[in-house]
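Peer 1: Pasting the sequence and the predicted model now:
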Amino acid sequence: MTRLLIQALCIRRGDRVLVPTLDLAVTSGELLHVRGANGSGKTTLLEMLAGLRPAEGIRREPEDMPLHWIGHRNALASHLSPIENLQFWCGVNGVDAAGVVPALERMRLPPAARRRPVRMLSAGQKRRSALARLLLVQRPLWLLDEPLDGLDRDGIAILGELLSAHVRAGGLVVMTSHQALPANLPSVREIELARGMM
Ligand SMILES: Nc1ncnc2c1ncn2[C@@H]1O[C@H](COP(=O)(O)OP(=O)(O)OP(=O)(O)O)[C@@H](O)[C@H]1O
């Protein structure tokens, strides 16, 4: 079984403690929805889970569990088109780029938008392009920071289908959102970060 274990994790930024201690486990087939007020530490927690910030008390089983990280900045080069961005991502990650156009089709990004520089796209079109990475290669752990941001109802429904399929196939998801999650997602758990929580 794949697991993400969080034991006595202190969420801090610099010398400011946001959450003194957090314990939880996310197992295969579960989606953890992290909620909380602005500034409560959701992004910081996700960055710790991704290994972008030093943290003690996080264990992945297996240790080398591959993950997808989609931060709220999308990580798209603005002068490249979505197709070029994803082809570049495939090259860096050793992934077959044949899946790029089908992934953008699945995200229902219009054909013209797939070939336009990212700086000329809307926020939702950028988001769909970034999320298309989830389809390029299977990885068990998905860490998604505000993935619903910028998406319209159709985009939210597509992401809901991807999340659902991933969780049903035994994947793990940890995601933040201020919005309600798409309906009918299986195995959703919620935690709310709050100052001083134990
Ligand atoms: N570069 C920084 N240096 C120091 N503190 C920071 C820095 N960036 C953010 N913080 C602080 O860290 C705390 C947690 O920020 P974080 O981005 O994790 O919150 P969040 O819950 O994701 O917020 P939001 O809902 O607004 O996205 C905030 O109180 C913020 O003021």
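Peer 2: Received, thanks. Residues are numbered from 1 along each chain as shown.
Peer 1: Low-confidence regions, the protein specifically.
Peer 2: Under the criterion pLDDT under 70, the flagged ranges of the chain are 195-198.
Peer 1: Give me every residue in it lying close to the ligand.
Peer 2: R13, G14, L18, G36, N38, G39, S40, G41, K42, T43, T44 (Cβ under 6 Å from any ligand atom). C-beta here means a position set from N, CA and C on the backbone, and glycine is covered the same way.
Peer 1: Just the ones in strands from these, please.
Peer 2: R13, L18, G36 (DSSP state E).
Peer 1: from the residues you listed, which is closest to the ligand?
Peer 2: Closest approach between these and the ligand, by Cβ to the nearest ligand atom: R13, at 3.7 Å.
Peer 1: Now do the contacts for the closest one.
Peer 2: G41, T44 (Cβ atoms under 8 Å, 6 or more residues apart in numbering).
Peer 1: Bridged to it, which residues?
Peer 2: R16 (DSSP bridges).
Peer 1: Which SSE is immediately downstream of the longest helix along the chain?
Peer 2: Longest helix of the chain, by residue count under DSSP state H: helix 153-168. Going down the chain from helix 153-168, the next helix or strand is strand 172-176, by DSSP states H and E.
Peer 1: For that next one, give me every contacting residue.
Peer 2: By Cβ under 8 Å, 6+ apart, strand 172-176 touches 2-4, 26-36, 42-43, 46, 49, 140-147, 163, 166-167.
Peer 1: between the longest helix of the chain and strand 172-176, how big is the angle?
Peer 2: Counting by axes from the mean of the first three to the mean of the last three Cα atoms, to 10 degrees, helix 153-168 lies at 140 degrees to strand 172-176.
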